[in-house]
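Colleague: please find the sequence and the predicted model below.
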Amino acid sequence: MKILLVTDAWHPQVNGVVRTLDQTVAHLRARGHEVEVIAPSDGYFTLPLPTYPDIRLAPFAYNDVKRRMIAFGPEAIHIATEGPLGQMAKMLCHKWAMPFTTSYHTKFPEYIKARMPIIPLSWSYRFVRGFHNAGGRTMVTTPSMVAFLQARGFTRLAPWARGVDTVLFNPDKKQAPEDVYAGLKRPIWVNVGRIAVEKNLKTFLDLDLPGTKVIVGDGPQLAELKRSYSDVVFTGSKFETELARHFADADVFVFPSKTDTFGLVIIEAMASGLPVAAYPVSGPVDIIPGSKAGIVDEDLRRACLDAAELNPADAITHAEKYSWEAVTDVFFDLLTPQYRPRKRWRRVRRVTRLAASPYHAIKKGVRKTLQALRGSR
């Protein structure tokens, strides 16, 4: 198939959404599908996302997105994000009555609330609900997130999990060739990911735990946390083998976020032999309970201490259930929804155009009159 992916989250961004989309695209191409990706890094003029300059958006790419969609002629369209490119693709799909799917990767309204508390959650949910409900299907990370969004008025939801690269993330990276945490007091409690307010990292860093806390990653809150927590080790961003080693050489992975919809780093940690401590929220509750691979508890400190007693082998076994092949199978099966796209967008555009400018209505009437007069001669 010719598959078009439109996303505001893509390289050089480093996060779970990008890793998920990148792996899915790679596996689709390996199966012989032709995949076109439209992303901000395709040479568009970009602006930094307010409060998060590392994420850049392309707000003025409408004409080029239109050109590329026409030139590619996709048989299936997936819009991965609610940003400017996603909005443009949705508008064009409505204009041409083309079916499309979307995916819900993060609790976007909660992210906005964490940065701008003055904006009510209901406003943000109205925005994202309208975006996703306009498509034929919304792919959601977990069954608990399906229930969460259904209660907020989202429709046509289907679970689409995440996978893990067990070739990269595995216990063979442990102390290979040496311990990346050499000289630090054990146990090592590690968190890997974006350093931002919505990740709730302060809760983790305030815990009274033995040993050493380590934060691997970068983000807008890094400077603030470095100033406030001098006893915490901040390694900066790590990639590929170096990242895998920082997972494998730790003792427990701590996931304090309450806003992620899955938490790809959870299964990457498990594949590396790390038990996980987390809150009982969407994502962790879909992955951890009953697995012997981690602990979920409203008392995060207790979850950490209990996770430290678990067998790393059980975490590795549980992570093997999450393969990118299976994830790609589900994505492809959900890609072509059976529904009739709404054409209301075109009608609304015509009505608003006429209402906004009586001149157009008068001009249209004069043109019809002249055509009638010519026809009567």
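Modeller: Done, it's in. Numbering: from 1, shown residues only.
Colleague: what bits of the stretch 201-350 of the chain have low per-residue confidence?
Modeller: For the stretch 201-350 of the chain, applying pLDDT under 70 flags the ranges 342-350.
Colleague: all strands of it, in order?
Modeller: 212-216, 233-236, 252-255, 276-278, 294-296 (DSSP state E, counting those that start in this stretch).
Colleague: using CSV, lay out the ones you listed together with mean neighbour count and distance to Glu36.
Modeller: C-beta coordinates here come from the backbone N, C-alpha and C atoms, glycine included. Output for the strands of the stretch 201-350 of the chain, formatted as CSV (neighbours: other C-beta atoms under 10 Å; distance: least, C-beta to C-beta, whole Å):
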stretch, mean neighbour count, distance to Glu36
strand 212-216, 22, 33
strand 233-236, 14, 33
strand 252-255, 28, 34
strand 276-278, 28, 36
strand 294-296, 24, 38
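Colleague: Gly163 is nearest to which of those?
Modeller: strand 276-278 (16.5 Å; C-beta to C-beta).
Colleague: can I get the strands of the stretch 201-350 of the chain in JSON lines including distance to Ala71?
Modeller: Listed next are the strands of the stretch 201-350 of the chain as JSON lines, based on distance: least, C-beta to C-beta, whole Å:
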{"stretch": "strand 212-216", "distance to Ala71": "41"}
{"stretch": "strand 233-236", "distance to Ala71": "40"}
{"stretch": "strand 252-255", "distance to Ala71": "42"}
{"stretch": "strand 276-278", "distance to Ala71": "45"}
{"stretch": "strand 294-296", "distance to Ala71": "47"}
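Colleague: for the closest residue in space to Gly136 that isn't next to it in sequence, give its distance to Pro256.
Modeller: Using C-beta to C-beta, 6 or more residues apart in numbering and skipping residues adjacent in sequence, the residue nearest Gly136 is Pro337, 3.0 Å away. To Pro256, Pro337 is 36 Å away according to C-beta to C-beta, to the nearest Å.
Colleague: who's more crowded, those two?
Modeller: Neighbours were counted for Pro337 and for Pro256 using other C-beta atoms under 10 Å; Pro256 has more, 20 against 16.
Colleague: look up how far Leu207 lies from the more buried one.
Modeller: 9 Å.
Colleague: common neighbours of the two, please.
Modeller: Leu300 (C-beta atoms under 8 Å, 6 or more residues apart in numbering).
Colleague: could you chop this structure up by domain?
Modeller: Using automatic domain parsing, the domain ranges for the chain come out as 2-163+329-349, 171-321.
Colleague: pick the most deeply packed of these.
Modeller: Sort the domains of the chain by mean neighbour count, taking mean count of other C-beta atoms under 10 Å, and domain 171-321 sits at the top with a mean of 19.
Colleague: could you dump stretch 14-29 to PDB, C-alpha only?
Modeller: The C-alpha coordinates for stretch 14-29 follow below in PDB (Å, rounded to 0.1, in the frame of the first residue of the first chain):
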ATOM      1  CA  VAL A  14      13.800  12.300  20.900                       C
ATOM      2  CA  ASN A  15      10.700  10.900  22.600                       C
ATOM      3  CA  GLY A  16       8.500   7.800  22.700                       C
ATOM      4  CA  VAL A  17       6.100   9.100  20.000                       C
ATOM      5  CA  VAL A  18       9.000   9.500  17.500                       C
ATOM      6  CA  ARG A  19      10.400   6.100  18.400                       C
ATOM      7  CA  THR A  20       7.000   4.500  18.000                       C
ATOM      8  CA  LEU A  21       6.300   6.100  14.600                       C
ATOM      9  CA  ASP A  22       9.900   5.500  13.400                       C
ATOM     10  CA  GLN A  23       9.800   1.800  14.200                       C
ATOM     11  CA  THR A  24       6.300   1.400  12.700                       C
ATOM     12  CA  VAL A  25       7.400   3.100   9.400                       C
ATOM     13  CA  ALA A  26      10.600   1.000   9.300                       C
ATOM     14  CA  HIS A  27       8.600  -2.300   9.700                       C
ATOM     15  CA  LEU A  28       6.000  -1.200   7.100                       C
ATOM     16  CA  ARG A  29       8.700  -0.400   4.600                       C
END
